[in-house]
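coords please:
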Amino acid sequence: MIVNVRKASRADRQAVVDVIVAAFGDAEGRGIAELVTCLLEDPSAQPLLSLVATVNERVVGYVLYTKVRVEDSMRTVSASLLAPLAVRPEFQNSGIGGQLIKDGLKQLEKAGVDLVFVLGHPGYYPKYGFSPAGIRGLKVPYPMAPENSDAWMVQEIRPGVLGRVSGTVACADVLNDPKYWIE
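Predicted coordinates for the structure are as follows:
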């Protein structure tokens, strides 16, 4: 199976919605797809990186990275949030999600991004270099139950940034709703 990763285009929007709904189920998937549509149009999420994975030109995976800020930090850093990552169920466990993450991180590195955050499964994202962010002084935008704190993760793209910055991460305006931060 040959998987290609490329930047998503406006023409991919319905295919992206279909992937998200297939990956997360109808009710949750439709909510996430609506969030993605709003993020793509939100100026506060820019610059963003929207990628699709294709097999035989069919969109089978999707990832979105949006701009975030680290507030209260004494230093300025360029940072992004990975959300969501979705792969059609019949293509899951074949490395497509990992390829989307890796390709995205490479492109973000070339764009000068220092840190990438994710609120996700602590058993999955560490395989791709993510580690708990809270213990490094990088706080989630909304309070989180202590038992879920390992789900808030960060990856340092530019060496030497972690340990020099701290503060609360501020996301795109569309994400300023506590419902998105329940893990």
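
what's the offset of stretch 122-132 from the middle of its chain?
The chain centroid and the centroid of stretch 122-132 are separated by 12 Å under Cα atoms, centre = their mean, to the nearest Å.

which residues touch that stretch?
Stretch 122-132 is contacted from outside by 97-98, 101-102, 105, 116, 118, 120, 149-155, using Cβ atoms under 8 Å, 6 or more residues apart in numbering. Using the backbone N, CA and C atoms, a C-beta is placed for each residue, glycine as well.

Tell me the bridge partners for the residue nearest to residue 133 when sequence neighbours are not counted.
Among residues not flanking residue 133 along the chain, residue 154 sits closest, at 3.8 Å (Cβ to Cβ, 6 or more residues apart in numbering). Beta bridges link residue 154 to residue 117, residue 131, judged by DSSP bridges.

Compute the distance between residue 154 and residue 62, please.
Look at residue 154 and residue 62: by Cβ to Cβ, to the nearest Å, they are 22 Å apart.

Comparing those two, which residue is more hemmed in?
residue 62 (28 against 25; other Cβ atoms under 10 Å).

partners of the helix or strand the more buried one falls within, with directions?
For residue 62, the host element (DSSP states H and E) is strand 58-71. In the sheet, strand 58-71 lines up against strand 49-55 (antiparallel), strand 79-87 (antiparallel), strand 167-170 (antiparallel) (DSSP bridges).
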